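Q: A structural model of the following input is requested.
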Amino acid sequence: MFENFKATDKIWIYTSSVEFSNEQINIIDGYATNFLHGWESHGASVKGTIKILYKRFIAIAADDCDGSMCGRAQDAQVKLIKALEEELNISLLDRMLIAFRNESGKIEAVPMIEFQNLLSADKVNSNTIVFNNMITQVGEFDKWEVPVQESWHQQII
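A: Down below sits the predicted model:
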């Protein structure tokens, strides 16, 4: 999915509080195109990509410029996400939101406290697939969609 990037390149993944509609996806695509066209670090264009995953997540990958990507370039992608939150009237920056596949395989996103309640009620368990948005490098992407027991989420079991 991010084959044009090095394993050490940066990745940020944002979870939507709701599934994106087709109209929202079109809006995200427009913002993404404009953003990527002007994304710079130290005056040079940043090689990046923005992907919508499962109509629920926005993933931004970027060449880390051999470790020299400036803070302003990193902040710019957060500003993009904030602009999308405002435009779409959704939450994308809530780090307490946990996304997982429910018993039928559908993706849900709930606050951490609700996820803990689901654990207590045996609605989710250590084998439940969760989305680990704590990954920071493209090479970790294979650890993004994993069972609870293989993610930081195991700490809340």
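Q: and the residue lying closest to R72 once chain neighbours are set aside, how far is that from A76?
A: Residue nearest to R72 in three dimensions, not counting chain neighbours: S41, with 7.4 Å by CB to CB, 6 or more residues apart in numbering. C-betas here are computed from N, CA, C, even on glycine. For S41, the distance to A76 equals 9 Å [CB to CB, to the nearest Å].
Q: tell me the pLDDT at the residue of the chain positioned farthest from its centre?
A: Distance from the C-alpha centroid of the chain, by CA atoms, centre = their mean, peaks at A121 (27.1 Å). Listed pLDDT for A121 reads 91.
Q: and if you look at the one 10 residues further on?
A: Predicted confidence (pLDDT) at F131: the value is 96.
Q: Tell me the secondary structure of the closest residue to it other than its chain neighbours, please.
A: The shortest distance from F131 to any non-neighbouring residue, by CB to CB, 6+ apart, is to A99 (4.3 Å). Secondary structure assignment for A99 (DSSP: H, G, I helix; E, B strand; the rest coil): strand.
Q: Adjust the sequence numbering to begin at 126 for everything that follows.
A: Sounds good: first residue 126 from here, last item A224.
Q: This structure: strands as residue ranges?
A: 135-140, 165-166, 169-170, 173-178, 182-187, 222-226, 232-236, 254-256, 270-272 (DSSP state E).
Q: count of residues packed around N250?
A: By the criterion of other CB atoms under 10 Å, N250 has 12 neighbours.
Q: Do I have it right that it meets H278?
A: No - counting by CB atoms under 8 Å, N250 does not reach H278; the two are 11.1 Å apart.
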